[in-house]
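Visitor: 3D model of this:
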Amino acid sequence: MLKDILFKSKHNLFLKIIQTILDSKFLIVFIGLMAAISNLFSLEILCLYTYLSIVIIAVLFGDDLLCLIPIACCSYYTFSRVNNPLSNEMTSIFLEKKAITHLIIILVTTAVFAITRLIYDLITKKHTKKFPKLTFGFIALGITYIIGGIFSEFYDLKTAFFGFTQIAAISFCYFYFYYTVDFKKVNKSYFAFLTLVIGLLLLSEAIGMLYYCNFFSSQPFNRYDLYTGWGINNNVAAAICMILPAPFYYAYKKNYGFIFLILANIMMLVLLFIQSRNGILIGTILFIVLYFITLIKSNIYHRLQLIITQVLLLFIFGILIIEFDQIIAAKLASILNVGISDNGRFEIYIDGINQFLNYPFFGNGFYQCNNFRWGNNDIGSFFPARYHNTFIQLLASCGIASLIAYFYHRIQTLRIVFSKINTEKLYMFFIFIALALTSILDCNFFNFGPGFLYSTILLLVEINNINSNNLKLN
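Guide: Residues are numbered from 1 along each chain as shown. Presented below is the predicted three-dimensional model:
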């Protein structure tokens with residue numbers, strides 16, 4: 001933007017250096033690393049100001065805003081356990097005016113620069129494109145979110161605004177970066193590197209969470225103590241499930257793919273350690289399916305490599321279980337004691353169905369769920385309790401109208417995935433599957449972090465389609 005005014009030559013050395021940095025994979029790693037440091041050492045303000053600096057540089061001097069996608073996906077995961085404002089420990093700096101002021105400055109400044117760049121790109125037709133393919137599905141779903149509960153006595157501006165934030169979470173990255181990213185720069189494996197970095201970020205946060213709760217010591221351990229700055233163990237587990245396709249993609253693509261298979265196994269171990277039953281179940285299903293798909297797609301050499309690696313890992317795990325059976329049993333006691341209890345979910349589902357029957361067409365809005373509220377999230381909080389099931393949430397909050405809109409959106413997503421499907425789109429598809437499956441017994445589709453990643457992967461699927469078409473035309 002500013003470079004078009006200040007620099008007449010596109011070959012300016014300063015601009016070349018800036019663009020090289022912005023396009024570098026090292027920047028993606030740096031963004032992920034900053035999020036991990038922020039989460040583990042409670043440095044959110046420093047991290048977010050660093051992100052803001054990158055935003056300003058990219059907006060003013062970048063060719064496009066591809067480099068901001070990792071920031072959009074990682075920002076949610078920067079918040080630490082100590083600074084979780086909903087924690088009963090009440091240690092969060094975000095309960096103080098000073099920290100909130102910093103957040104407002106960062107958010108407002110980011111919004112001003114981001115909107116200005118979007119308007120500039122649209123006016124100058126910097127990246128000329130038609131409407132995204134998922135536009136009408138998102139509009140339909142968004143309308144039902146915003147008017148959810150409109151004919152009930154519970155409808156007000158608060159529930160309408162929350163509905164807006166919900167649709168924004170799952171569509172913002174898709175629409176914003178559609179008009180601000182140069183598609184020709186997006187490598188077909190960009191999704192895998194991005195999600196792999198996010199995966200390593202999540203692993204570091206999960207291990208930090210376990211360390212904080214004495215999992216690696218002889219002290220008593222309870223899985224209900226597992227939470228970080230942006231969610232509890234179930235949320236972390238769902239996020240890791242969404243990342244599982246990345247190591248399997250590289251296990252297929254790289255000659256040294258066994259390293260990434262080892263990483264996938266480490267992710268599964270972490271899922272077991274953080275003891276989210278939903279995460280363990282869905283993660284196991286995804287792991288098995290992705291493993292066999294990777295075997296089928298691989299050549300004989302790769303296939304043999306992956307089989308030997310997995311057999312050796314299972315052998316090692318078996319020995320460790322035998323040797324440390326009592327320690328492992330003690331650490332997993334809190335999940336073993338729960339067993340297959342529904343943990344109150346069926347009661348929530350029945351309540352949601354009854355609420356849906358009261359207002360079947362447009363629901364009750366987002367604030368009528370009577371589910372358990374974690375931490376000091378009281379009834380007056382902006383964040384409502386959830387029904388822990390996508391379909392019941394849609395029906396109870398926004399009625400049949402939202403369920404129809406959701407299926408329309410889902411049909412559109414399946415169309416862009418399976419239209420001229422290739423290896424990259426296949427593995428991206430399993431990110432959607434992970435989100436969908438973990439949302440059957442939880443509320444991940446309505447959480448902001450998974451929403452941003454979901455929105456981004458939808459965009460990358462569409463870019464994959466457009467780039468494939470352009471290659472054919474050439």
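Visitor: show me what counts as buried in the host helix or strand of Leu141.
Guide: Using DSSP states H and E, Leu141 maps to helix 135-146. Of the residues in helix 135-146, Gly137, Phe138, Ala140, Leu141, Gly142, Ile143, Thr144, Tyr145, Ile146 count as buried by neighbour count, 16 or more other Cβ atoms under 10 Å. No exception for glycine: its C-beta is placed from N, CA and C like everyone else's.
Visitor: hmm, His409 and the second one touching each other?
Guide: Yes. In terms of Cβ atoms under 8 Å, Phe138 counts as a neighbour of His409; the distance is 6.6 Å.
Visitor: residues in contact with the closest residue to Ile54 other than its chain neighbours?
Guide: Closest residue to Ile54 apart from its sequence neighbours, by Cβ to Cβ, 6 or more residues apart in numbering: Ile71 at 6.5 Å. Going by Cβ atoms under 8 Å, 6 or more residues apart in numbering, Ile71 touches Ile31, Tyr51, Ile54, Val55.
Visitor: how far away is Ile18 from Asp63?
Guide: Applying Cβ to Cβ, to the nearest Å, one obtains 10 Å for the distance of Ile18 from Asp63.
Visitor: again, but for Ser204
Guide: Taking Cβ to Cβ, one finds Ser204 at 31 Å from Asp63.
Visitor: now do Leu459
Guide: Distance from Leu459 to Asp63, by Cβ to Cβ: 18 Å.
Visitor: tell me which of these two has more neighbours.
Guide: A direct count of neighbours by other Cβ atoms under 10 Å for Leu459 and Asp63 places Leu459 higher, at 24 against 19.
Visitor: ok, and the closest non-adjacent residue to the more buried one?
Guide: Per Cβ to Cβ, 6+ apart, closest to Leu459 is Tyr174, 4.7 Å.
Visitor: got a list of what the one you found touches?
Guide: Pro132, Leu134, Phe138, Ser455, Thr456, Leu458, Leu459, Glu462.
Visitor: okay if I get those residues as CSV plus pLDDT, secondary structure and distance to Met209?
Guide: Putting those into CSV (pLDDT from 0 to 100; DSSP: H, G, I helix; E, B strand; the rest coil; distance: Cβ to Cβ, whole Å) gives the following:
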residue, pLDDT, secondary structure, distance to Met209
Pro132, 93, coil, 36
Leu134, 96, coil, 34
Phe138, 97, helix, 33
Ser455, 97, helix, 25
Thr456, 97, helix, 24
Leu458, 97, helix, 29
Leu459, 96, helix, 30
Glu462, 94, helix, 34
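Visitor: and those, which is closest to Asn364?
Guide: Asn364 lies nearest to Phe138 out of these, by Cβ to Cβ, at 22.8 Å.
Visitor: neighbours around Tyr252, how many?
Guide: Residue neighbour count, defined by other Cβ under 10 Å, stands at 24 for Tyr252.
Visitor: let's verify it: helix, strand, or coil?
Guide: Following DSSP: H, G, I helix; E, B strand; the rest coil, Tyr252 is assigned to helix.
Visitor: wait, it touches Gln305, no?
Guide: No. Applying Cβ under 8 Å, one finds Tyr252 not in contact with Gln305, separated by 10.9 Å.
Visitor: quickly list the domain ranges of the chain.
Guide: What automatic domain parsing lists as the domains of the chain is 1-126, 131-474.
Visitor: which residues in the stretch 201-350 of the chain form helices?
Guide: Remark: helices assigned in the stretch 201-350 of the chain by DSSP state H, counting those that start in this stretch are 233-243, 245-253, 258-274, 277-297, 300-323, 325-331, 333-338, 345-358.
Visitor: just the stretch 51-200 of the chain next, same as before
Guide: Secondary structure of the stretch 51-200 of the chain (DSSP H, counting those that start in this stretch): helices at 69-74, 97-124, 135-146, 157-178, 190-212.
Visitor: what residues sit buried inside the longest one?
Guide: This points to helix 97-124. Result for helix 97-124 [16+ other Cβ under 10 Å]: buried residues Ala99, His102, Ile106, Thr110, Phe113, Ala114, Arg117, Leu118, Asp121.
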